[in-house]
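Chemist: just coords:
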């Protein structure tokens, strides 16, 4: 043993810990008292403001501007007080989770800061708990004991010496325990929390944000970020916290209603955005991809009036056997080539709408073809109707200037000008977007060779005719909706695309790269947070199986950031290894999972002889899981139809959550849920039972491997597989225990 190392007696260590414990209990009491005083103060203030605004309401008269202003100001103050009161109420039971002690270089003063979900102040000048989003809080997430730094609110680097980083376990205002980063390893600390049931884990997310996650959360919002994250890497958590961070630190540049969160289904959206109020985020737009496109088309495309049927790609997973032609059609519609072809068509369409030839007046050319083309090129990003308006006005001005030299009477001048009012077209002429889109498909089919000569990879005529036939049958999908928004943006004079500042897309791999290329065309100044995992692309033909095209062709590698989150915090080692073995059967590029070292039960497989035996075994396992203290259980099925059947089979034997008539409208809840795979994406459960993954339901293909990978990685603690017949070959792996 090295004799130079100072040996501290055990009694001294215990004495030091006891003293620190007493001090931390005291500090907790101080802050709880501050929070309680704040609650009492704000509750009293809210009561007074509520009475005042009620009185203003009762006496309100629309013709009294002063009273109206008083009411608006009163409601605004009331809203602010409600927000601060809620923040203090949320902080009361667990005021903070961390503490850092540090000195700034060149300074003698030592700072000791407590960090919580909500910043709490005793007065305007005295902060007793620092908000986790504040710049200094990054030290808690990113730094080890010793020399470090952080960025000030103005972007300046501040060098510090970090002397203490401590994490607290607090419940109901009581100090349960605390851990110092130089004493307990990070993985050991995480394992302690992740071993608990799902509800407890969700409550500790902010305290357990990791360095690589924090880097993404705190990245500046002036460029876009694309995140490839393996299952359980915290992608959604990072996205929601990033929104909160941006709105907190850049409130002068971003407003909540300028943010859009886009998900693959309503259940996922409700699940992931449920945490936003606890992150002090309100009034964020939350839409599925289809809903988002439809909102942009509002007033210009009436789905019901035209009797168009929106094909939901997610429920179409029921089609296990899909034609090769249909798969090729989907690949084309999800590709950038489909958008490039439309843009080429719209150039030709614009030339048909706008007369590009010399304009003569009184035997003289007053607006040459070259001048017209110059205007169109200079304002190429403007919609056609706006270009028409500009050309009409320029021509009217030219005619007016000529006549001012010839006539003194204004009425005569107006008569001459009026002759050219709509020379280039009517500014607000009614345009049927679907009619333009149908012309595009017809043009693409008829002049396919012309598109090929412009280096656009157009499929065979048979594939194009299939697209045309689906439109003729009134069948459309989200890629058709995307094309319609591009047509609207390029042709119509509208402001529908001017209010979007930042778009967050969760489960982004489920959408073709075409969708993101459309976004970039619609919202040129918008930034993005794109989260996904190409190993979980359940729409193999239309979704993304790699990030290359998106990152290299749609975004800007020199400016935008690409991150990889490889560590999984969700699954046990046993479940994570089982999922990895499924991916080893695949031919596409996969990202290795680095599981946090948390062991659990082996994956349990049970072979049954009949459906009724599968039901009995599933019920037995549900009761066993519940007795183990787990609250969230998912029975995962292959298709929507199978989900409905299994729900009916289990209902007489065990309490299962009711299925909605439209399964897409379901909400995540505690208890036992029976769900199709596509509805479980982005969700996690304490335990998962996969229903009958035989070789007929899951063939030996890349597409089905991704489906099974999604199902397996939904489980936090336990994974059970019950089946009859021959097990899918995708599940032949090192972990194959028959129970």
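Modeler: That came through fine. Values in this document were obtained by computation on a predicted structure and should not be read as measured data. Numbers count the residues shown, from 1 in each chain.

Chemist: what's the distance between the closest residue to residue 561 other than its chain neighbours and residue 375?
Modeler: Leaving aside its sequence neighbours, residue 561 sits nearest to residue 225 (CB to CB, 6 or more residues apart in numbering; 4.7 Å). Bear in mind the C-beta positions are built from the backbone N, C-alpha and C, glycine included. According to CB to CB, to the nearest Å, residue 225 and residue 375 sit 38 Å apart.

Chemist: between those two, which is the more surrounded one?
Modeler: residue 225 (24 against 16; other CB atoms under 10 Å).

Chemist: shouldn't residue 466 be in contact with residue 326?
Modeler: Yes - Residue 466 is within contact range of residue 326, at 7.0 Å (criterion: CB atoms under 8 Å).

Chemist: can you give me the neighbour number for residue 235?
Modeler: 27.

Chemist: for it, which residues are in contact?
Modeler: Going by CB atoms under 8 Å, 6 or more residues apart in numbering, residue 235 touches 227, 229, 506, 531-533, 565.

Chemist: which one of these sits closest to residue 433?
Modeler: residue 506 (28.0 Å; CB to CB).

Chemist: neighbours of that closest one, how many?
Modeler: Quick note: residue 506 (other CB under 10 Å) scores 24 neighbours.

Chemist: which ones are touching it?
Modeler: 235-236, 239, 261-264, 268, 272, 531-532, 682.

Chemist: okay, and which of the residues you listed map to helices?
Modeler: 235-236, 239, 268, 272 (DSSP state H).

Chemist: out of the residues you listed, who's the most crowded?
Modeler: That'd be residue 235 among the ones in helices among the contacts of residue 506, by other CB under 10 Å, with 27 neighbours.

Chemist: got the confidence number for that residue?
Modeler: Listed pLDDT for residue 235 reads 92.

Chemist: for residue 418, same thing?
Modeler: 85.

Chemist: repeat for the one 3 residues further on
Modeler: In the predicted model, residue 421 carries a pLDDT score of 86.

Chemist: what's the answer for the one 4 residues further on, then?
Modeler: Looking at residue 425, its pLDDT is 86.

Chemist: identify the residues contacting it.
Modeler: For residue 425, counting by CB under 8 Å, 6+ apart, the contacting residues are 353-354, 385, 388, 392.

Chemist: if you rank those by neighbours, which is first?
Modeler: Ranking the contacts of residue 425 using other CB under 10 Å puts residue 388 first, with 24 neighbours.

Chemist: now the closest residue in space to it that isn't next to it in sequence: how far from residue 400?
Modeler: Nearest residue to residue 388, sequence neighbours excluded (CB to CB, 6+ apart): residue 425, at 4.3 Å. Distance from residue 425 to residue 400, counting by CB to CB: 19 Å.

Chemist: that older thread, and the contacts of residue 425, which two are the farthest apart?
Modeler: 353 and 392 (12.7 Å).

Chemist: in the sheet, who's paired with the residue nearest to residue 561?
Modeler: Beta-bridge pairing for residue 225 (DSSP bridges): residue 529, residue 561.

Chemist: need the contact list for it.
Modeler: Going by CB under 8 Å, 6+ apart, the list of residues near residue 225 reads 216, 219, 242, 528-530, 560-563.

Chemist: just the pLDDT for it.
Modeler: Predicted confidence (pLDDT) for residue 225: 97.

Chemist: sorry, back to before: nearest to residue 450, of the contacts of residue 425?
Modeler: Checking the contacts of residue 425 one by one against residue 450 (CB to CB), the nearest turns out to be residue 353, at 19.3 Å.

Chemist: pretty sure that closest one sits against residue 384.
Modeler: Yes - here residue 353 reaches residue 384: they are 5.9 Å apart, a contact under CB under 8 Å.

Chemist: tell me which two of the contacts of residue 235 sit farthest apart.
Modeler: 506 and 565 (13.6 Å).
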